[in-house]
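Novice: give me a model of this one.
(chains A and B)
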Number of protein chains: 2
Amino acid sequence: MTGVRVAGVGLTEFGEHAGRTGRDLFAEAANVALRDAGVDRERVEQLNYGNFMGALAERQSHQAPLMAEAAGLHCPATRYEEACASAGVAVREAVRAVRAGEVDVAVAGGMERMTNLSTERVTESLAVAADELFEVRAGVTFPGAYALMARRYFDRFGGDQTDLAHVASKNHTHALDNEYAQYQREVSVEETLDAPTVASPLGLFDACPVTDGASALVLVSEAAAERHDLTAPVAITGTGQGSDRAALQDRETIAETPAARRAAEAAYDDAGITADDVAVAEVHDCFTIAEVFALESLGLYEPGEAVGAARRGETTRDGELPVNLSGGLKAKGHPVGATGGSQIAELTRLLRGDHPNSEWVSDAEVGVTHNAGGTVASAVVHVLEVAG
Amino acid sequence: MTGVRVAGVGLTEFGEHAGRTGRDLFAEAANVALRDAGVDRERVEQLNYGNFMGALAERQSHQAPLMAEAAGLHCPATRYEEACASAGVAVREAVRAVRAGEVDVAVAGGMERMTNLSTERVTESLAVAADELFEVRAGVTFPGAYALMARRYFDRFGGDQTDLAHVASKNHTHALDNEYAQYQREVSVEETLDAPTVASPLGLFDACPVTDGASALVLVSEAAAERHDLTAPVAITGTGQGSDRAALQDRETIAETPAARRAAEAAYDDAGITADDVAVAEVHDCFTIAEVFALESLGLYEPGEAVGAARRGETTRDGELPVNLSGGLKAKGHPVGATGGSQIAELTRLLRGDHPNSEWVSDAEVGVTHNAGGTVASAVVHVLEVAG
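Specialist: Okay, the predicted model is just below:
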């Protein structure tokens, strides 16, 4: 088993890309990543690609070979679909293939086009990630499901809408200088609290936007990094995945997300670290309450303690543990099938010092990413470290 | 790196399962496989699951955790989508995970529901595996695409509809005693030639049917097989994958399928065998012409030589190289996302001696499976061997 390095990262701007095809977006991200890595595309031995709703948004499944072609890659290409964690599992399997010595150089990432659909169609298309038989037919959509989880959390642990508004406001502040972010604008706590209710207790600004975009990483073995003299200071040292029952009604509790806890424990174990070592995190804040669940599942906070973290200034950029310095899904945007790759791209930039927000984590050696599918029926956690 | 054994196989009947859910079908296959293996479900560490058109057929994506739940598996679950090769890549990645020592016991397979859709909707839903921009908008569906490939093949190498009718007739004969087959009935060469034309030169009986069904395999490391005293005489010794440009118009030739050739070369290399060692094959005959392409890509025939193989009696059950003893996609059926797992289940049964057609290959030591996506923009090949 060899170590795995992130040799290059590539992102498109997140936002509305009317008139551009999915393959165009992914090719851009892959090209940026390959250039960033200084790796010839002929050296790429495997493409792991995440996409969630291509069948519905573009009438295009079987996207992996299309994306390989668009990016000029001549290698086996595989699509992973795990709802909003699609790119997370794509990266995870690429990490495992590299460290097992199956391949030396892999590209992993994902793409989603969503803004071409009407708001109603987007909500309906996203809902295929929930349990069709036991949730969707009963009228559950994701804003509704996360609202149920938020209510249960508040009931059990306390916390309120103002706590969540601080999460939104923090992540918007973090996105201000991020050139890839969909929203580079401040959103105040008051503005968030005044926004229309989507599903009580969640308002419009508690939800991430609808986004087009793509992400790509070039992952290489340590041996290949050395052989080709690549600058790849960040290593992926741990990977973990967890699954849970899909329908909220089938879970023992909805005030926590055990799939993410299992993913985190596996990833920490894999990397040989503990939650105490983590200095920075990119987590799956599809809704503000989801960031709270993430931080507790990651063991960064005890159950019930994370809801006030942003309000107390602990997870802000100048806090002890900056969370979502990219802006998160909330402000940077959430092109579903690309998000897991984007989180690792952003954390890599943060750790190697070329992210607009790197200054806030200049001493950080260890960071984690947390990517979730549905109401965390799936979760993938990665540990990234500045290599010695 | 450890060897990988097939400890158990499970299949549902292939055919029409009106009124049953996808999770019900997959749970049945997984339960049969676990019982066959004699492995407790608590020992399963990973589920790799193939599905192609759940978003369109059941408005259900993010199926992997649902399927784990239905099968009583408490482990990370991942969905693979690679058109008709979805289960093939799911199995491949499970094989790699087991032999890398990431897990000791994995379940891999897939499921598809299709018969709940109208014929028109099925054709339309299958077409999302082709290139939407450059093929589907121009009116290409899969019968049309394979007809173009057949015409080009005939032009370049010779062969005719009667050759293909022999493939259909052979595979129907092979399915006669297969309890899982959708069609356990003879179809003569004459009947095939007299059937209505679907897309010239292909007629109705040149095409596989529309099928519901599921497949599951229990894959274990050699160490685990020994430790738990499992009866697992068949090993997966080689795996290979290839990708190609999706649209036929973008390929240098459409009279061969280079993605499958690359997959085969990689799998043979992985197993340390050559095509000469192969004694039996299960190949992706979604159309009769596809079996011809498969045999040539696998190196079992020179280009232009496979078209007459069934007619010459070489690939029939009493021939030198029996092909599709299960009945193939043609007669056994083709639940898209399950097929790659079904092929390995059938070949395992053939090699270990408990398949209704095992008598025809009682001396066989090495077999291959060939699973293709779209017009072979994706291909996965596995080598199975009777372990020493």
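Novice: low-confidence ranges in chain A?
Specialist: For chain A, applying pLDDT under 70 flags the ranges A:1, A:388.
Novice: ok, which stretches of it are strands?
Specialist: Under the criterion DSSP state E, chain A contains strands at A:4-11, A:46-50, A:77-81, A:105-112, A:197-199, A:202-203, A:213-221, A:234-243, A:280-282, A:366-373, A:378-386.
Novice: and the helices in chain A?
Specialist: All helices of chain A, identified by DSSP state H, fall at A:22-37, A:54-57, A:63-70, A:86-99, A:119-126, A:142-157, A:161-175, A:189-194, A:222-227, A:258-271, A:288-297, A:328-332, A:339-352.
Novice: want to throw these into CSV with mean neighbour count?
Specialist: In this view, the C-beta of every residue, glycine as well, is placed from N, C-alpha and C. Formatted as CSV, those follow (neighbours: other C-beta atoms under 10 Å in any protein chain shown):
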stretch, mean neighbour count
helix A:22-37, 23
helix A:54-57, 24
helix A:63-70, 28
helix A:86-99, 29
helix A:119-126, 15
helix A:142-157, 20
helix A:161-175, 25
helix A:189-194, 16
helix A:222-227, 17
helix A:258-271, 22
helix A:288-297, 29
helix A:328-332, 32
helix A:339-352, 29
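Novice: now the ones you listed as CSV including distance to B:Leu117?
Specialist: As requested, the helices of chain A are arranged in CSV below (distance: least, C-beta to C-beta, whole Å):
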stretch, distance to B:Leu117
helix A:22-37, 24
helix A:54-57, 13
helix A:63-70, 21
helix A:86-99, 24
helix A:119-126, 18
helix A:142-157, 26
helix A:161-175, 42
helix A:189-194, 43
helix A:222-227, 46
helix A:258-271, 32
helix A:288-297, 34
helix A:328-332, 34
helix A:339-352, 31
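Novice: closest to B:Val198 out of these?
Specialist: Among these, the nearest to B:Val198 by C-beta to C-beta is helix A:54-57 (23.9 Å).
Novice: contacts only, for A:Arg92.
Specialist: By C-beta atoms under 8 Å, 6 or more residues apart in numbering or on different chains, the contact set of A:Arg92 is A:239, A:241, A:380, A:382.
Novice: neighbour-wise, which one of these leads?
Specialist: A:Val380 (34 neighbours; other C-beta atoms under 10 Å in any protein chain shown).
Novice: who's in contact with the most centrally placed residue in chain A?
Specialist: Centrality entry for chain A: nearest residue to the mean C-alpha point is A:Gly340, 3.5 Å, by C-alpha atoms, centre = their mean. A:Gly340 makes contact with A:50, A:85-91, A:110, A:215, A:369, A:371, A:380, according to C-beta under 8 Å, 6+ apart.
Novice: swap the cut-off to 7 Å and go again
Specialist: A:Gly340 makes contact with A:50, A:85-88, A:90-91, A:110, A:371, A:380, according to C-beta atoms under 7 Å, 6 or more residues apart in numbering or on different chains.
Novice: farthest-separated two in the residues you listed?
Specialist: Greatest spacing in the contacts of A:Gly340, by C-beta to C-beta: A:Gly110 and A:Val380 (12.0 Å).
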